[in-house]
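**Q** I would like to see how this sequence folds:
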Amino acid sequence: MSVSADDFRAVMGAVATPVAVVTAMDHGRPHGTTVSAFTSLSLDPPMVLVALDRDSALLSIVTRTRRFGLNVLTAEQSGLALTFARKGDEKFAGVAWAHQHGLPRLDAVSGWLACDVDQLIPGGDHIVAIGRVTAAEHDPRAPLTYHRRTFGTHAVLS
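**A** Here you go, the predicted structure:
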């Protein structure tokens with residue numbers, strides 16, 4: 001039995017997901033792309049997984065360099081999510097960032113991880129990059145989420 005793309009999108013669109021920008025360095029230049037398919041995988045050792053489109057330029061850099069940064073965006077950074085979701089090489093123009101642990105780290109994010117690639121696993125039209133975390137920083141700001149094609153954040157229920 002086949003599931004239609006529209007039905008699958010409708011179900012998955014109803015799931016609130018965190019929003020992050022995956023970054024990498026290539027010949028001294030920063031590169032990045034917005035993702036909502038990432039999660040923690042293991043505590044011992046600390047690992048995450050992130051899904052990257054097979055056709056993305058960033059995937060080829062991550063495959064070659066075997067490193068990536070994961071910048072978890074705050075509720076105020078929907079503009080950054082849109083900037084890094086578009087195609088092109090000028091995504092970092094006007095964006096505040098620092099070179100940290102050999103990777104681009106966006107300013108004022110709620111969480112940042114530096115990762116070494118442990119495995120790359122095919123997953124349909126994406127490749128799942130499993131990263132071993134080598135550095136981590138966090139800030140208690142509310143995270144940016146994506147739900148039903150709109151940005152938002154988490155709200156605590158009373």
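**Q** could you pull out the strands for this protein?
**A** Assigned by DSSP state E, the chain shows strands spanning 17-18, 20-26, 29-35, 38-43, 46-53, 67-72, 97-100, 103-106, 111-123, 126-138, 145-147, 150-152.
**Q** Note down every partner strand of the third one and its orientation.
**A** Based on DSSP bridges, the pairing partners of strand 29-35 within the sheet are strand 20-26 (antiparallel).
**Q** for the partner strand, which positions count as buried?
**A** Under the neighbour-count criterion of 16 or more other C-beta atoms under 10 Å, strand 20-26 has Ala20, Val21, Val22, Thr23, Ala24, Met25 buried. Quick note: C-beta positions are derived from backbone N, CA and C, even for glycine.
**Q** Equivalent analysis for stretch 103-123, please.
**A** In stretch 103-123, counting by 16+ other C-beta under 10 Å, buried: 103-106, 109-115, 117-118.
**Q** Using CSV, list the CA coordinates for that stretch.
**A** Written as CSV, here are the backbone C-alpha positions of stretch 103-123 (Å, rounded to 0.1, in the frame of the first residue of the first chain):
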residue,chain,number,x,y,z
LEU,A,103,33.2,25.4,12.6
PRO,A,104,30.8,28.3,12.0
ARG,A,105,28.8,29.1,15.1
LEU,A,106,25.9,31.5,14.7
ASP,A,107,25.6,34.2,17.4
ALA,A,108,22.8,34.1,20.1
VAL,A,109,21.6,30.6,19.4
SER,A,110,19.9,28.6,22.2
GLY,A,111,22.2,25.6,21.7
TRP,A,112,25.4,24.8,19.7
LEU,A,113,27.1,21.5,19.1
ALA,A,114,30.4,20.8,17.3
CYS,A,115,30.3,17.3,15.8
ASP,A,116,32.5,14.8,14.1
VAL,A,117,30.7,12.5,11.6
ASP,A,118,30.5,9.0,12.9
GLN,A,119,28.3,7.5,10.1
LEU,A,120,26.4,8.6,7.0
ILE,A,121,23.3,6.5,6.4
PRO,A,122,21.0,6.6,3.3
GLY,A,123,17.4,7.5,4.1
